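Q: Got a predicted structure plus its sequence, pasted below:
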Amino acid sequence: MKIDRATLLVGLVLTALAASAASAQTTVNVHFNPQSSTISAGSSFTVQLLADLPTPVVGWGLDLAYDTSLLSLQSVEMGPQWFAATAADGDGLAGLAFPAPVSGQSTILPILHFRANGTACTGTSSLVASFTPSDLREGFPLPLGDFADASFMNGMVTVTDSLAPAVSAALTAVAPVPSYRVSFNATDNCSVSALSGIMNVASFSGFRVDFALGAGKTSSIEIDPKKQRVSLKGASETEMRSRLAQIAAAGGVSVANGQVLALTQATDPVVKLTFQNGQLTAMQASQLGLTVKASDSSGNVAVATSSL
Amino acid sequence: MKNWRRILQGIAGLWLVVTTAAVGQSPPFTQCPPVGVDSSCAKLIVFKPNGKPVVLTDPSQGPYDQIEDTLIGVQNNSNQTVFSISLSSDTDIFGFDGDGLCDVSPHPAGCSFGPTGYEGPGVSFAAQSALAGTVTFANGIAPGDHAYFSLEEANFTLNLCGDNGTKIPESITNFGTCGPEGVKTPTWGSFGVSTELVSDLGEKLELRCEGGINPNTGLPFLPSFHLYYTPPGGTPLRIGTCPFKAGCNNGWFSHAGKNPATGKPRCFIETYWRSRDYGTNDVPNPWTKAAGVDTTAHEPVLDWAVTTYNAVTNNLAKLDYEFQYNPASGAPPVTTCSSGGLRPEGALVRTLDLGDPPLGPDTEAFFDRVFANLQAIATPNDGPMVEAPIATADINSDGARDSGDFATFRAAFGSCAGSASFNPVADIDGDGCVTFLDYQLFLQLFSQP
């Protein structure tokens, strides 16, 4: 773009006259648009930094403060009346007017592109614009050598989280048959606070419990709906009762991601669970399924299932 | 982004906060000690970070003698030392009549500080009349420091050049070559062609080409440009020179606006003079040798000699910029000032600050040494010093003032000497950083004929 100097001369003279007529201490009002907003964690959003410029200025330079544990500034887009200039302190918040100074209500300085992806995930951050009077690369310079005063109104951003985690669950056949690998995972726009995998077991509330204690490391549980009986085999009655209580409370047996199980599907509704050192290693049942449950720090819960 | 945590902590619980960044000074003005019935300054002159002065008043502090005498402070928030200030009023503020700050009770410890009794520590007065005069601060008021004194009268308007917030730069052009010797007749921006430019305050700017006869050789000296400033009622003092053989020169001055009644500048704020050592490299550098700076290790370089004079604070800053010379491989060397749009300056090597004593005997002695150093290396065949064909606002030196200059300026904005993006051509005020002060000057010089 080539600027004709005669055009610039006229513009500068007019703005200089306007600036002379006005008080050099005319105050620039700086504010955000929207002044207050609520956005979802992990999402991107924009905020305009606006200024009411009662007299022409030849540029602006500002500092910007916000809670970096909640927000990150992705990029700065210059308002249409300014050319971006380097800000020595790294904010990228400086603009130059060329060829003519700029004035007007609600003039867009920059458009700030934020993302709510901080470590704190949810909360409230002020947006604070300011300038350092001793830094001559900041402020609102007037055409004839002085700087305008400025008042600042802070903005506010509240970050909420209503998104549940994304959960996956899979039972994948691996050699030797009938081995299956348990796989599950969860991702979240904030962070996953709890993740568990359960091999489903039909309810056995009210069943009779029999014990057949032995000395081996292998223990087992057999749940027989037809006879309404649970048979426990293990080294310790206390341990087996505890394990049974956990199964009853969780609706199944806890498994770990990556764990390999021997899963055998049968027409018989009886469920047979085999444990090595307390960990489920084999399971036989008419319906074999994996249920994965994930929750985030905001209490959002998601469930995924996989079955044979 | 600076100190955001502290800011956020400071506004904890609030989400709408209004702040105002003003001059940063509010009553009481504690720069003054208790004097008479006053507990602090009644008026405070503040030099803001951008160098502009502003006069503030504390209405709660009347005359310290309860009649007509006023206690005045000076706060220097700029980055330059304030050596003196010239004050005027429509009342006889310099009509001292024996009731200065040292003549009442209580008064500061150490009184008196001068012959009138109105002086504060390190302060002296030189009155041009009862209505106007100069207040001088011994050793100057350093950045961040302050001083105080008293003046006659009460409830007066105190005028200090530039306190109206207006600074208009104008180029000094059409001064041609140095020779023949004598007072030049340049164009002083919008004030036109004249041998001198006089302000409403009685200050005067002149550009002379001065030489003479070398008493040692009997040969004529190589004449040199000298820019002179004459304070109100004072004698001419040099505020710029060309210390290089065939040097290439630019100059501008700024003022606080044109008085439509007189057609003169109301007062001068600052001047800038830049000489480039084009042509053969002058070794030893007459400019830096005068300041006792050894630049041998950095020769050959291309030097700029830059002087900036602040007429409001009487501060004359002298800088030397060293550039790599003729950097373009295979390109013909740029040997004269008028060699088209080619610039021989390569990357900036460094900037030397040659000191900033107040304008007066010390600076005159400095210019004498520069002139003597120049003559020591001059020969009868040396070409004359000339006016640069490139305007100050022609930042990219292509012979035109257009958006290309803005692009070059923008690339340097925010940088300071020492950083890769620093461009001394964009540092129009010569303070070592490319700031909004430079941009204000650039836009105005850019738009002038």
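A: Noted; the coordinates are in hand. Values in this document were obtained by computation on a predicted structure and should not be read as measured data.

Q: May I have the strands that pair with the strand or helix carrying A:V28, each with its orientation?
A: Using DSSP states H and E, A:V28 sits in strand A:27-33. Next to strand A:27-33 in the sheet, as set by DSSP bridges, lie strand A:44-57 (antiparallel), strand A:147-153 (parallel).

Q: Low-confidence stretches in the stretch 51-200 of chain A?
A: For the stretch 51-200 of chain A, the stretches with pLDDT under 70 are A:87-92.

Q: which residues touch B:Y321?
A: Contacts for B:Y321 were tallied using C-beta atoms under 8 Å, 6 or more residues apart in numbering or on different chains; they are B:303-304, B:306, B:348, B:350-352, B:424. Where C-beta positions appear, they are placed from N, C-alpha and C, glycine not excepted.

Q: Which residue comes closest to it once chain neighbours are left out?
A: B:W304 (4.1 Å; C-beta to C-beta, 6 or more residues apart in numbering or on different chains).

Q: For the stretch 51-200 of chain B, which segments count as strands?
A: Along the stretch 51-200 of chain B, the stretches classed as strands by DSSP state E, counting those that start in this stretch are B:53-57, B:70-76, B:82-88, B:123-127, B:132-141, B:146-151, B:159-160, B:168-173, B:182-183, B:187-188, B:196-198.

Q: Out of those strands, which is closest to chain A?
A: Among the strands of the stretch 51-200 of chain B, strand B:168-173 comes nearest to chain A, with 6.3 Å by C-beta to the nearest C-beta.

Q: Who are the packing partners of the closest one?
A: Counting contacts by 3 or more C-beta pairs under 8 Å, 6 or more residues apart in numbering or on different chains; DSSP states H and E, strand B:168-173 packs against strand B:187-188, strand B:248-255, helix B:436-447.

Q: and the last one, what's its mean pLDDT?
A: Right, helix B:436-447. For helix B:436-447, mean pLDDT is 95.

Q: Ok, stretch B:233-243 next?
A: On average, the pLDDT along stretch B:233-243 is 95.

Q: List the contacts of that stretch.
A: Stretch B:233-243 is contacted from outside by B:128, B:178, B:202, B:204, B:206, B:224-231, B:249, B:251, B:271-273, B:275, B:282, B:285-287, B:290, B:305, B:307, B:309, B:316, B:359-360, B:363-364, B:367, B:370-371, B:373-374, B:385, using C-beta under 8 Å, 6+ apart.

Q: re earlier: buried ones in the strand holding A:V28, by neighbour count?
A: Using 16 or more other C-beta atoms under 10 Å in any protein chain shown as the test for burial, strand A:27-33 gives A:27-32.

Q: Could you report the distance from the nearest residue to A:L50 once chain neighbours are set aside to A:H31?
A: Leaving aside its chain neighbours, A:L50 sits nearest to A:S106 (4.8 Å; criterion: C-beta to C-beta, 6+ apart). As for A:S106, its distance to A:H31 is 8 Å (criterion: C-beta to C-beta, to the nearest Å).

Q: Could you do B:K184 as well?
A: With C-beta to C-beta as the criterion, B:K184 and A:H31 are 53 Å apart.

Q: what does A:A282 give?
A: From A:A282 to A:H31 the distance is 67 Å (C-beta to C-beta).

Q: count of residues packed around B:T235?
A: For B:T235, the tally of surrounding residues (other C-beta atoms under 10 Å in any protein chain shown) stands at 8.

Q: cool, A:T38 as well?
A: Neighbours of A:T38 under the rule other C-beta under 10 Å: 12.

Q: follow-up on the earlier one: okay, the strands of the stretch 51-200 of chain B in a markdown table with mean pLDDT and mean neighbour count next?
A: Shown next, in a markdown table, are the strands of the stretch 51-200 of chain B (pLDDT from 0 to 100; neighbours: other C-beta atoms under 10 Å in any protein chain shown):
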| stretch | mean pLDDT | mean neighbour count |
| --- | --- | --- |
| strand B:53-57 | 94 | 18 |
| strand B:70-76 | 97 | 26 |
| strand B:82-88 | 95 | 22 |
| strand B:123-127 | 96 | 18 |
| strand B:132-141 | 95 | 20 |
| strand B:146-151 | 98 | 26 |
| strand B:159-160 | 94 | 20 |
| strand B:168-173 | 96 | 23 |
| strand B:182-183 | 96 | 13 |
| strand B:187-188 | 98 | 20 |
| strand B:196-198 | 98 | 18 |
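
Q: Flag the shaky bits of the stretch 151-300 of chain B, pLDDT-wise.
A: Across the stretch 151-300 of chain B, the ranges flagged by pLDDT under 70 are B:279.

Q: Spell out which parts of it neighbour chain A.
A: Within reach of chain A by C-beta under 8 Å from any C-beta of the partner chain, the stretch 151-300 of chain B has these residues: B:162, B:164-168, B:254, B:257, B:269.

Q: what pairs with A:S75 across the strands?
A: Residues in beta-bridge contact with A:S75 (DSSP bridges): A:H113.

Q: so it makes contact with A:H113?
A: Yes: between A:S75 and A:H113 there is a contact under C-beta atoms under 8 Å: 4.6 Å.

Q: between these two, who's got more neighbours?
A: A:H113 (15 against 12).

Q: right, and that one touches A:L71 too?
A: No: counting by C-beta under 8 Å, A:H113 stays clear of A:L71, with 10.8 Å between them.

Q: before we move on, back to that, need the contact list for the residue nearest to A:L50.
A: By C-beta under 8 Å, 6+ apart, the contact list for A:S106 reads A:33, A:50-52.

Q: how about CSV for those residues, with distance to A:I198 added?
A: Below are the contacts of A:S106 laid out as CSV (distance: C-beta to C-beta, whole Å):
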residue, distance to A:I198
A:N33, 49
A:L50, 53
A:A51, 57
A:D52, 60
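
Q: Which among these count as buried?
A: For these, buried by 16+ other C-beta under 10 Å: A:50-52.

Q: quick check, nearest of the residues you listed to B:A400?
A: The shortest approach to B:A400 among those belongs to A:A51, at 32.7 Å (C-beta to C-beta).

Q: Distance check, that closest one against chain B.
A: To chain B, A:A51 is 13 Å away according to C-beta to the nearest C-beta, to the nearest Å.

Q: Nothing else from me, thank you.
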